[in-house]
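>>> I need the structure of the sequence given here:
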Amino acid sequence: MTLKRFEPPPMFSRIKVFLGVRLSLFLIFTFVIPTGVWAQSRLEGFDEEPDKPWHLEADEISYDDNVHQYLARGNVTLSKEDKKLTADFVRFDHRAMKALAMGNVIMIVGNDILIGNSMEMDLDAETGTIYQGTIFLKEQNYYFKGDKLQKIGKDSYAAEKASISTCDNEPPAWKITGRNLKVTLEGYGTVTHASVWAKRVPVAYTPYFVFPTKRNRQTGFLFPGFENSDRRGIGFNQPFFWAISDNQDATFYLNYMDKRGVKSGGEYRYVLDNFSKGTVMFDFLDDDMVDDGVGNNSEDWGFTDDNVLRPNTNRYWFRTKVNQQLPFEVKGRLDLDIVSDQDYLLEFKEGYSGYTRTNAYFEDAFGRGLDDDNNATRKNSLNFNRRWSEYSLNMEALWFDDVVLRRQSDIDPTLQKLPFIEFTGSRQKLFFDPLYFNFESEYVYFYRQDGQTGNRLDLHPRFFLPLRLKNYLSVEPSMSVRETLYYLDSLEGFRQDADRFDSRELWDAEIEFFTEVFNVFKVNAMGVDRVKHSIRPKLTYSYTPDIDQDDLPSFDDKDRVAKGNVLTYSLTQWFTSRKKGGKASEKDQEDDRSQYNYSQLLRFNLENSYDINKKLDDAPRPFSDVTATLDFVPHRYFSLYGDAIYNPYDHKMTGQNIAATIRDHRGDRLFVEHRWTRDSSESIYFDVLVKVTDELNLNGGYEQNLLTKKRIHSSAGVSYVAQCWSADMRYVDEVTDKRFEFSISLYGLGRIGHGFFGRALENPFSTLNETDQNLL
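As a prediction, the model looks like this:
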């Protein structure tokens, strides 16, 4: 038979295996050989398929009738399927199902390897001992070394004077040594008198150490995080991860801060299917410091963005997001965000359970984030939604928690929506061509703990008559009618002689004129062979009559619809490219479009309005500001966004913002943003990530208020990512705090730390429509 040469991992590269065969014996064992020799799920049983033969090859093979044992000497190889044992000598007792291998013993099962001077195996009990040996488990990249390594169960091992590492090189970049090592694969391991080594230098000692034994979800202590902060002092954060089951887990942690106390917290997550999942997080701190206005407390422990004190010591943050698929294709969503005080999220913005990391997780896992960290009014909602092809039903209970009023006032007029029910219809045909309609309808019960409460029903359909004048001009007149009904169950804060029931009838009309001209250019640059330039001018006239609404209740902006008599004109330009290289299925081979990639390169929009009512009233400035927006994505490694506002009467810019993201194939990234509003604010922000080498990354960020010449934020950090470990260090300097953060990860044991969170521009362009693809 043909034998493949054994290719060891880097740690075993000095071992040479010679399989010169002088004598071969083909053995077909008709008895059942049980599964499992030195096996975890990767070290599978010695014979899962007993009908298949084993192959024994050696320089010399004999059989001892007295003890019923096979004796093989010299370049011995015993193999079957993906299992192979090589040694200088093998003695095999086929009745007791025991084997002894001696001299340069190497056993391979799948991708896993065992090496030692000698090895004893009880194939029936699936146990054994290897002396002066090493076990390598490929999937987790674990290396176990010891004077005496024992397999004491199906997935359990024990060792004396042992070490464990996930590093390939010798000496390993890190390892843990101890007197007695016990490991349960798919579980955790323990070591007594454990020492952590960096190369050949011991750096830490503990009499007892527990660690998880797989890279994925596994119960055990995660690696701690460290920081040194002006506001919090020296900090130590120790998390514990609990893998409850395949679809749920929890993390608990204690965060010691020598200036503030101990902040404890927990996180529970579960997943039922692609949509149904949930996460609950809670933190609590009995703060040693308060912002009560006494002495320097407010200066030292408060924040300058408000004048509200924070006298409480009991501080907490509860947040949760839940998605749940319900019967009849209804989707449920629950969002809760309850915080103890207005400063908590500013105080604990960074870190393992901080606002930045939590918000990023919610955005990624649920597609919706949290209110801004400086917003003292937090949104809580329970939502049920059902969608059809042309209709949508949305039912929601909205509670806005004003943290300052809740803690420091006996009166809370915050407006709640309990419930909010919305039924909408998308644009669709009405009876016959070419008439179309859409509609919006909603019912809201407005509730306040203190103040006016009541009901509002709003019905708002719109009718369209799209017309096309040959291929040159599109005209679309539309008209809407609106009926709004009110019923107040509390007149507090309203006219006492008012009727509890009231109504409003409105209408408005609009007409749009637009066309599109384009040209397709042949080019030959960067793989692009076609570029389409489209120009779309648009003119819109809208009219809303002046109807007295002063006697109506006023809950939100929908209760006051302003009169309008406005002419709006805009000009939008697009550039779209075609590049060879699209992947087509066999079914689409005949469609030429499938052979290309299409992408939008640029979109530029200019818009201005003229208020006819202002002109009729002799108002001095009927023209609105001119607004411009730009999206520019010429390459997947570069994107730019800009907007500007120009006052045509002052002949001055009143505001402008510009932001850009630059990337490269190595993973380097730069984000730059400049924001300016005339006579109000101006700031610049950037963050950068530089890959010095494949292992070493540098990152930093800076933000400055250009009007006051004061720095808002600056940070600098370094990350080193090796084959089996990584480390992150970062220094952050903010207006209210300066801190040093540090985290380390030993792969296979877990990690915790403060990752680098930078900003980036999203791609603003959606998938191209079929018309654009046909024209290119």
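
>>> any idea how far residue 457 is from residue 504?
According to CB to CB, to the nearest Å, residue 504 and residue 457 sit 11 Å apart. Just so you know, the C-beta spots here come from the backbone N, C-alpha and C atoms, and that holds for glycine as well.

>>> give me the common contacts of these two.
Among the neighbours of residue 504, those also in contact with residue 457 (CB atoms under 8 Å, 6 or more residues apart in numbering) are residue 484.

>>> select the longest helix from this protein.
If you go by DSSP state H, the chain has its longest helix at helix 355-366.

>>> buried residues in whichever helix or strand comes after that one?
For helix 355-366, the succeeding helix or strand toward the C-terminus, using DSSP states H and E, is strand 377-387. Across strand 377-387, burial judged by 16 or more other CB atoms under 10 Å covers 378, 380, 381, 382, 383, 384, 385.

>>> repeat that for stretch 272-289.
Across stretch 272-289, burial judged by 16+ other CB under 10 Å covers 277, 278, 279, 280, 281, 282, 283, 285, 287, 289.

>>> all helices of the chain, in order?
297-301, 344-347, 355-366, 403-408, 612-616, 770-775.

>>> of all those helices, which one is nearest residue 163?
helix 355-366 (33.6 Å; CB to CB).

>>> low-confidence stretches in the chain?
Within the chain, the stretches with pLDDT under 70 are 1-54, 123-124, 126, 186-187, 212-218, 304-305, 493-496, 582-594, 748-763, 765-776.

>>> how far away is the residue nearest the centre of it from residue 321?
Ranked by distance to the mean C-alpha position of the chain (CA atoms, centre = their mean), the top residue is residue 364 at 3.4 Å. Counting by CB to CB, the separation of residue 364 from residue 321 is 11 Å.

>>> next: residue 242.
In this view, residue 242 and residue 321 are 20 Å apart by CB to CB.

>>> compare those two (neighbour count), which wins?
A count of neighbours by other CB atoms under 10 Å puts residue 321 above the other of residue 242 and residue 321, at 23 against 15.

>>> my read: the more buried one touches residue 358, true?
No. In this structure, residue 321 is not within contact of residue 358 by CB atoms under 8 Å, at 10.0 Å.

>>> please identify the deepest-packed of the helices of the chain.
With neighbours defined as mean count of other CB atoms under 10 Å, those peak in mean count at helix 344-347, which reaches a mean of 22.

>>> for that helix, name the packing helices and strands.
Counting by 3 or more CB pairs under 8 Å, 6 or more residues apart in numbering; DSSP states H and E, the packing neighbours recorded for helix 344-347 are strand 314-326.

>>> before we move on, the earlier item: which among the buried residues of strand 377-387 gets closest to residue 711?
For those, the minimum distance to residue 711 (CB to CB) is 29.0 Å, reached by residue 378.

>>> ok, that closest one touching residue 398?
No. Under the criterion of CB under 8 Å, residue 378 is not in contact with residue 398, lying 11.5 Å apart.

>>> looking at the helices of the chain, which is nearest to residue 143?
When the helices of the chain are compared by CB to CB, helix 355-366 sits nearest residue 143, at 32.2 Å.

>>> now do that closest one: everything it contacts.
By CB under 8 Å, 6+ apart, the list of residues contacting helix 355-366 from outside reads 277, 279, 281, 319, 321, 323, 345, 348-351, 368-370, 373, 755, 757.

>>> and this protein, split by domain according to the record?
As given by automatic domain parsing, the domain ranges for the chain are 1-139, 141-215, 217-370, 640-776.

>>> any chance of these in a markdown table with distance to residue 574 as columns?
Listed next are those as a markdown table, based on distance: least, CB to CB, whole Å:
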| stretch | distance to residue 574 |
| --- | --- |
| domain 1-139 | 49 |
| domain 141-215 | 46 |
| domain 217-370 | 27 |
| domain 640-776 | 8 |
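
>>> quick one, which of the ones you listed is nearest to residue 497?
Between the domains of the chain, domain 217-370 lies closest to residue 497; by CB to CB that is 37.9 Å.

>>> just to revisit the earlier point, how about the buried residues of stretch 272-289 in JSON lines, adding distance to residue 698?
As requested, the buried residues of stretch 272-289 are exported to JSON lines (distance: CB to CB, whole Å):
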{"residue": "277", "distance to residue 698": "36"}
{"residue": "278", "distance to residue 698": "38"}
{"residue": "279", "distance to residue 698": "32"}
{"residue": "280", "distance to residue 698": "36"}
{"residue": "281", "distance to residue 698": "31"}
{"residue": "282", "distance to residue 698": "35"}
{"residue": "283", "distance to residue 698": "31"}
{"residue": "285", "distance to residue 698": "33"}
{"residue": "287", "distance to residue 698": "35"}
{"residue": "289", "distance to residue 698": "34"}
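
>>> still on that earlier bit, neighbour count for residue 504 and residue 457, which is higher?
residue 504 (19 against 15).

>>> for the residue nearest to that one when sequence neighbours are not counted, which residues make a bridge with it?
Using CB to CB, 6 or more residues apart in numbering and skipping residues adjacent in sequence, the residue nearest residue 504 is residue 484, 4.3 Å away. According to DSSP bridges, the residues that bridge with residue 484 are residue 458, residue 504.

>>> okay, now residue 484: neighbour count?
21.

>>> correct me if wrong: it contacts residue 503.
Yes. With contact defined as CB under 8 Å, residue 484 reaches residue 503; the gap is 6.5 Å.

>>> what about the closest residue in space to residue 391 that isn't next to it in sequence, how many residues nearby?
Residue nearest to residue 391 in three dimensions, not counting chain neighbours: residue 425, with 5.2 Å by CB to CB, 6+ apart. Neighbour count of residue 425, defined by other CB under 10 Å: 15.

>>> ok, residue 425 to residue 623 distance?
Separation of residue 425 from residue 623 (CB to CB): 36 Å.

>>> shouldn't residue 745 be in contact with residue 724?
No. Using CB under 8 Å, residue 745 is not in contact with residue 724; the gap is 9.5 Å.

>>> beta partners of the closest residue to residue 653 other than its chain neighbours?
In this structure, residue 653 finds its nearest non-sequential neighbour in residue 646, 5.5 Å apart by CB to CB, 6+ apart. Applying DSSP bridges to residue 646 gives these bridge partners: residue 626, residue 653.

>>> what's across from the residue lying closest to residue 659 once chain neighbours are set aside in the sheet?
Leaving aside its sequence neighbours, residue 659 sits nearest to residue 673 (CB to CB, 6+ apart; 4.0 Å). Per DSSP bridges, the residues bridged to residue 673 are residue 659, residue 685.

>>> then residue 738?
Beta bridges link residue 738 to residue 733 when assigned by DSSP bridges.

>>> tell me, how many residues neighbour residue 210?
Using other CB under 10 Å, residue 210 has 14 other residues around it.

>>> wait, it sits on residue 184?
No. Contact criterion CB under 8 Å: residue 210 and residue 184 do not qualify, at 11.3 Å.

>>> my read: residue 273 touches residue 331, true?
No. Residue 273 is beyond contact range of residue 331, at 11.7 Å (criterion: CB under 8 Å).

>>> for the two, list the residues in contact with both.
Both residue 273 and residue 331 are contacted by residue 325, under the criterion CB under 8 Å, 6+ apart.

>>> next up, phi/psi of residue 709, please.
Backbone torsions of residue 709, given as degrees, to the nearest 10, read phi 60, psi 30.

>>> coming back round to it: what's the angle between the longest helix of the chain and strand 314-326?
Helix 355-366 and strand 314-326 meet at an angle of 10 degrees, taking axes from the mean of the first three to the mean of the last three CA atoms, to 10 degrees as the criterion.

>>> from the chain's centroid, how far away is helix 355-366?
Distance of helix 355-366 from its chain centroid, counting by CA atoms, centre = their mean, to the nearest Å, is 6 Å.

>>> distance of residue 340 relative to residue 314?
From residue 340 over to residue 314 the distance is 7 Å, taken as CB to CB.
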